[in-house]
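S.K.: just the structure for this:
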Amino acid sequence: PWRIEGLKEIAMAAHEQGKVTFCRGCCAGVFEMALRLRGYEGFFPDMIKRPDVAQRILDKVTEHKLAFWDLMLGEMGEYVDIIGEADDIGTQSSYLCSPDMYREMIKPCHKEIFDLVRSHAKRLNKKIYIFFHSDGVNREILDDFVELGIDIFNPLQFTCPGMDTADIKKTYGDVMTFWGGLIDTQKVLPFGTTDEVREQTKRQIDILAPGGGFVACTVHNIQHEVPPENIMAMWETLREHGVY
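M.R.: As a prediction, the model looks like this:
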(Lines give C-alpha, C1' and ligand atoms only; values in the text may rest on other atoms or scores of the structure.)
Protein backbone atom coordinates (compact mmCIF):
# COMPACT_ATOMS: atom_id res chain seq x y z
CA PRO A 1 0.00 0.00 0.00
CA TRP A 2 2.88 2.44 0.60
CA ARG A 3 3.39 2.53 -3.19
CA ILE A 4 0.26 4.62 -3.65
CA GLU A 5 0.14 6.40 -0.29
CA GLY A 6 -1.16 9.94 -0.75
CA LEU A 7 -1.83 9.56 -4.48
CA LYS A 8 -5.61 9.54 -4.12
CA GLU A 9 -5.55 12.96 -2.49
CA ILE A 10 -3.26 14.31 -5.22
CA ALA A 11 -5.55 12.90 -7.93
CA MET A 12 -8.66 14.34 -6.24
CA ALA A 13 -7.05 17.77 -6.10
CA ALA A 14 -6.03 17.53 -9.76
CA HIS A 15 -9.59 16.68 -10.80
CA GLU A 16 -10.94 19.60 -8.81
CA GLN A 17 -8.62 21.81 -10.88
CA GLY A 18 -9.90 20.28 -14.12
CA LYS A 19 -6.69 18.39 -14.81
CA VAL A 20 -6.26 14.92 -16.26
CA THR A 21 -4.74 12.20 -14.07
CA PHE A 22 -2.25 9.86 -15.75
CA CYS A 23 -0.91 6.91 -13.75
CA ARG A 24 2.09 4.89 -14.88
CA GLY A 25 2.84 1.26 -14.03
CA CYS A 26 5.09 -0.02 -11.26
CA CYS A 27 8.01 -1.20 -13.40
CA ALA A 28 9.15 -1.60 -16.99
CA GLY A 29 7.10 -3.67 -19.42
CA VAL A 30 6.50 -7.41 -19.12
CA PHE A 31 8.92 -8.19 -21.97
CA GLU A 32 11.47 -5.58 -20.90
CA MET A 33 11.51 -6.84 -17.30
CA ALA A 34 12.01 -10.42 -18.49
CA LEU A 35 14.98 -9.25 -20.58
CA ARG A 36 16.43 -7.43 -17.58
CA LEU A 37 15.95 -10.39 -15.26
CA ARG A 38 17.60 -12.94 -17.55
CA GLY A 39 19.70 -10.67 -19.74
CA TYR A 40 19.33 -10.51 -23.50
CA GLU A 41 21.77 -13.39 -23.90
CA GLY A 42 19.60 -15.52 -21.59
CA PHE A 43 16.01 -14.64 -22.37
CA PHE A 44 16.11 -14.63 -26.18
CA PRO A 45 17.42 -18.24 -26.30
CA ASP A 46 14.83 -19.13 -23.62
CA MET A 47 12.03 -17.96 -25.90
CA ILE A 48 13.14 -20.47 -28.54
CA LYS A 49 14.75 -23.34 -26.65
CA ARG A 50 12.92 -23.17 -23.30
CA PRO A 51 9.63 -21.39 -24.00
CA ASP A 52 8.05 -22.79 -20.83
CA VAL A 53 10.73 -21.04 -18.74
CA ALA A 54 10.37 -17.81 -20.74
CA GLN A 55 6.61 -17.89 -20.34
CA ARG A 56 6.85 -18.43 -16.60
CA ILE A 57 9.07 -15.35 -16.25
CA LEU A 58 6.64 -13.29 -18.32
CA ASP A 59 3.73 -14.58 -16.26
CA LYS A 60 5.43 -13.70 -12.95
CA VAL A 61 6.04 -10.12 -14.09
CA THR A 62 2.42 -9.97 -15.25
CA GLU A 63 1.22 -11.17 -11.83
CA HIS A 64 3.20 -8.35 -10.23
CA LYS A 65 1.64 -5.79 -12.57
CA LEU A 66 -1.86 -7.13 -12.04
CA ALA A 67 -1.45 -6.82 -8.28
CA PHE A 68 -0.24 -3.25 -8.66
CA TRP A 69 -3.07 -2.10 -10.93
CA ASP A 70 -5.65 -3.86 -8.77
CA LEU A 71 -4.32 -1.96 -5.76
CA MET A 72 -4.06 1.36 -7.61
CA LEU A 73 -7.43 1.32 -9.35
CA GLY A 74 -9.20 -0.27 -6.41
CA GLU A 75 -8.11 2.60 -4.21
CA MET A 76 -8.33 5.59 -6.55
CA GLY A 77 -9.72 4.44 -9.90
CA GLU A 78 -12.51 7.01 -9.80
CA TYR A 79 -9.85 9.73 -10.18
CA VAL A 80 -7.72 8.02 -12.85
CA ASP A 81 -8.23 9.09 -16.47
CA ILE A 82 -5.30 7.35 -18.19
CA ILE A 83 -3.11 4.41 -17.24
CA GLY A 84 0.28 3.99 -18.87
CA GLU A 85 2.18 0.81 -19.71
CA ALA A 86 5.29 0.41 -21.86
CA ASP A 87 7.01 -2.48 -23.60
CA ASP A 88 9.47 -1.95 -26.44
CA ILE A 89 8.71 -4.64 -28.99
CA GLY A 90 10.50 -2.92 -31.86
CA THR A 91 14.00 -1.69 -32.56
CA GLN A 92 14.81 1.11 -34.97
CA SER A 93 15.13 -1.32 -37.87
CA SER A 94 13.17 -4.45 -36.97
CA TYR A 95 11.64 -6.25 -33.98
CA LEU A 96 13.12 -7.60 -30.74
CA CYS A 97 11.06 -10.72 -31.33
CA SER A 98 8.97 -11.78 -34.31
CA PRO A 99 5.37 -10.52 -34.48
CA ASP A 100 4.20 -14.14 -34.24
CA MET A 101 6.25 -14.70 -31.08
CA TYR A 102 4.87 -11.46 -29.65
CA ARG A 103 1.32 -12.71 -30.29
CA GLU A 104 2.02 -16.10 -28.77
CA MET A 105 3.95 -15.17 -25.62
CA ILE A 106 3.68 -11.46 -24.77
CA LYS A 107 0.35 -10.24 -26.11
CA PRO A 108 -1.65 -12.50 -23.72
CA CYS A 109 0.17 -10.85 -20.81
CA HIS A 110 -0.74 -7.40 -22.10
CA LYS A 111 -4.34 -8.54 -22.54
CA GLU A 112 -4.56 -9.66 -18.90
CA ILE A 113 -3.36 -6.27 -17.72
CA PHE A 114 -5.66 -4.25 -19.94
CA ASP A 115 -8.64 -6.49 -19.21
CA LEU A 116 -8.10 -5.81 -15.51
CA VAL A 117 -8.02 -2.06 -16.15
CA ARG A 118 -11.26 -2.29 -18.13
CA SER A 119 -12.90 -4.33 -15.38
CA HIS A 120 -12.20 -1.51 -12.93
CA ALA A 121 -13.50 1.04 -15.43
CA LYS A 122 -16.70 -1.00 -15.79
CA ARG A 123 -17.06 -1.23 -12.02
CA LEU A 124 -16.72 2.54 -11.77
CA ASN A 125 -18.93 3.16 -14.83
CA LYS A 126 -16.31 5.35 -16.50
CA LYS A 127 -13.69 5.31 -19.23
CA ILE A 128 -10.06 4.75 -18.32
CA TYR A 129 -7.87 5.31 -21.36
CA ILE A 130 -4.98 2.94 -22.00
CA PHE A 131 -1.67 4.51 -23.05
CA PHE A 132 1.00 2.18 -24.43
CA HIS A 133 4.60 3.00 -25.29
CA SER A 134 6.60 1.00 -27.82
CA ASP A 135 8.98 3.00 -29.93
CA GLY A 136 10.74 1.88 -33.08
CA VAL A 137 9.19 -0.48 -35.64
CA ASN A 138 5.63 -1.53 -34.75
CA ARG A 139 3.67 -1.47 -38.01
CA GLU A 140 3.02 -5.23 -38.20
CA ILE A 141 1.57 -5.38 -34.71
CA LEU A 142 -0.54 -2.21 -34.67
CA ASP A 143 -3.60 -4.35 -35.45
CA ASP A 144 -2.77 -6.32 -32.31
CA PHE A 145 -2.57 -3.11 -30.29
CA VAL A 146 -6.02 -2.12 -31.58
CA GLU A 147 -7.35 -5.56 -30.69
CA LEU A 148 -5.94 -5.13 -27.17
CA GLY A 149 -7.97 -1.94 -26.83
CA ILE A 150 -5.00 0.41 -26.63
CA ASP A 151 -6.39 3.94 -26.92
CA ILE A 152 -3.15 5.93 -27.09
CA PHE A 153 -0.02 4.79 -28.93
CA ASN A 154 3.35 6.36 -28.11
CA PRO A 155 5.42 7.27 -30.01
CA LEU A 156 4.92 7.31 -33.73
CA GLN A 157 8.62 7.04 -34.62
CA PHE A 158 8.09 7.87 -38.26
CA THR A 159 11.76 7.60 -39.26
CA CYS A 160 11.70 3.81 -38.74
CA PRO A 161 10.94 1.34 -41.56
CA GLY A 162 7.22 0.90 -42.15
CA MET A 163 6.22 3.67 -39.74
CA ASP A 164 4.91 6.04 -42.40
CA THR A 165 2.91 8.80 -40.73
CA ALA A 166 0.27 9.21 -43.44
CA ASP A 167 -0.33 5.47 -43.74
CA ILE A 168 -0.70 4.96 -40.00
CA LYS A 169 -2.93 8.01 -39.54
CA LYS A 170 -5.19 6.87 -42.38
CA THR A 171 -5.36 3.28 -41.13
CA TYR A 172 -5.63 3.81 -37.38
CA GLY A 173 -6.52 7.47 -36.85
CA ASP A 174 -10.16 6.68 -36.12
CA VAL A 175 -9.41 4.17 -33.35
CA MET A 176 -6.15 5.33 -31.79
CA THR A 177 -4.63 8.58 -30.54
CA PHE A 178 -0.98 9.22 -31.37
CA TRP A 179 1.10 10.70 -28.57
CA GLY A 180 4.44 11.82 -30.00
CA GLY A 181 5.37 12.13 -33.65
CA LEU A 182 5.79 15.88 -34.02
CA ILE A 183 9.49 15.85 -34.90
CA ASP A 184 12.44 13.46 -35.12
CA THR A 185 14.61 13.78 -32.01
CA GLN A 186 17.71 12.06 -33.38
CA LYS A 187 18.61 14.11 -36.43
CA VAL A 188 16.32 17.01 -37.31
CA LEU A 189 15.69 18.51 -33.87
CA PRO A 190 19.29 18.34 -32.59
CA PHE A 191 21.21 18.83 -35.84
CA GLY A 192 18.83 20.40 -38.37
CA THR A 193 18.46 24.08 -39.18
CA THR A 194 15.56 26.06 -37.75
CA ASP A 195 13.96 25.99 -41.21
CA GLU A 196 14.23 22.18 -41.32
CA VAL A 197 12.69 21.98 -37.85
CA ARG A 198 9.79 24.20 -38.88
CA GLU A 199 9.25 22.26 -42.11
CA GLN A 200 9.12 18.85 -40.46
CA THR A 201 6.97 20.09 -37.57
CA LYS A 202 4.42 21.62 -39.95
CA ARG A 203 4.36 18.49 -42.13
CA GLN A 204 3.65 16.24 -39.16
CA ILE A 205 0.91 18.55 -37.89
CA ASP A 206 -0.70 18.63 -41.33
CA ILE A 207 -0.84 14.83 -41.41
CA LEU A 208 -1.70 14.01 -37.79
CA ALA A 209 -3.92 16.87 -36.63
CA PRO A 210 -6.98 16.50 -38.94
CA GLY A 211 -9.82 14.90 -37.05
CA GLY A 212 -7.98 15.16 -33.73
CA GLY A 213 -6.35 12.23 -31.97
CA PHE A 214 -2.86 13.74 -31.83
CA VAL A 215 -0.98 14.75 -28.69
CA ALA A 216 1.70 16.95 -30.20
CA CYS A 217 5.13 16.27 -28.76
CA THR A 218 8.51 15.10 -29.95
CA VAL A 219 9.07 11.48 -30.95
CA HIS A 220 11.23 10.93 -27.86
CA ASN A 221 13.02 12.89 -25.13
CA ILE A 222 14.77 16.14 -26.04
CA GLN A 223 18.48 15.58 -25.43
CA HIS A 224 21.12 18.03 -24.20
CA GLU A 225 22.62 18.68 -27.64
CA VAL A 226 19.44 20.31 -29.01
CA PRO A 227 19.95 24.04 -29.66
CA PRO A 228 17.41 26.24 -27.84
CA GLU A 229 16.54 27.97 -31.12
CA ASN A 230 15.40 24.63 -32.56
CA ILE A 231 13.15 24.01 -29.58
CA MET A 232 11.64 27.45 -30.08
CA ALA A 233 11.24 26.88 -33.83
CA MET A 234 9.30 23.69 -33.08
CA TRP A 235 7.20 25.41 -30.41
CA GLU A 236 6.41 28.47 -32.52
CA THR A 237 5.40 26.30 -35.49
CA LEU A 238 3.16 24.24 -33.23
CA ARG A 239 1.48 27.38 -31.88
CA GLU A 240 1.01 28.72 -35.39
CA HIS A 241 -0.28 25.59 -37.13
CA GLY A 242 -1.31 23.16 -34.40
CA VAL A 243 -3.99 25.00 -32.46
CA TYR A 244 -7.55 23.77 -33.02
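
S.K.: dump the residue contacts of Arg3.
M.R.: Cys26, Phe68, Leu71, Met72 (CB atoms under 8 Å, 6 or more residues apart in numbering). Bear in mind the C-beta positions are built from the backbone N, C-alpha and C, glycine included.

S.K.: relative to His64, how far out is the residue with the largest distance to the centre of the chain?
M.R.: Largest separation from the mean C-alpha position in the chain: Lys49, at 29.9 Å (CA atoms, centre = their mean). Lys49 sits 25 Å away from His64 when distances are taken as CB to CB, to the nearest Å.

S.K.: same check, this time on Ala13
M.R.: From Ala13 to His64 the distance is 29 Å (CB to CB).

S.K.: excluding chain neighbours, what is closest to Leu142?
M.R.: Tyr172 (6.0 Å; CB to CB, 6 or more residues apart in numbering).

S.K.: count of neighbours near that neighbour?
M.R.: 18 (other CB atoms under 10 Å).

S.K.: what does Ile141 give?
M.R.: Count around Ile141 with other CB under 10 Å applied: 22.

S.K.: residue contacts, the residue lying closest to it once chain neighbours are set aside?
M.R.: Distances taken as CB to CB, 6+ apart place Pro99 nearest to Ile141, at 5.2 Å, with adjacent residues excluded. Pro99 makes contact with Glu140, Ile141, Asp144, according to CB under 8 Å, 6+ apart.

S.K.: that older thread, now, the contacts of Arg3 that are in helices?
M.R.: Members of the contacts of Arg3 lying in helices (criterion: DSSP state H): Phe68, Leu71, Met72.

S.K.: just among the residues you listed, which is most surrounded?
M.R.: Going by other CB under 10 Å, Met72 tops the ones in helices among the contacts of Arg3 with 22 neighbours.

S.K.: what bridges to the residue nearest the centre of the chain?
M.R.: Nearest residue to the geometric centre of the chain (CA atoms, centre = their mean): His133, 1.9 Å. Taking DSSP bridges as the rule, His133 bridges to Ala86, Asn154.

S.K.: who are the contact partners of it?
M.R.: Gly84, Glu85, Ala86, Asp87, Asp88, Asn154, Pro155.

S.K.: of the contacts of Arg3, closest to Val188?
M.R.: Cys26 (34.5 Å; CB to CB).

S.K.: got a list of what the closest one touches?
M.R.: Arg3, His64, Lys65, Phe68.

S.K.: which of those sits closest to Gly162?
M.R.: Looking across the contacts of Cys26 and measuring by CB to CB, the closest to Gly162 is Lys65, at 28.5 Å.
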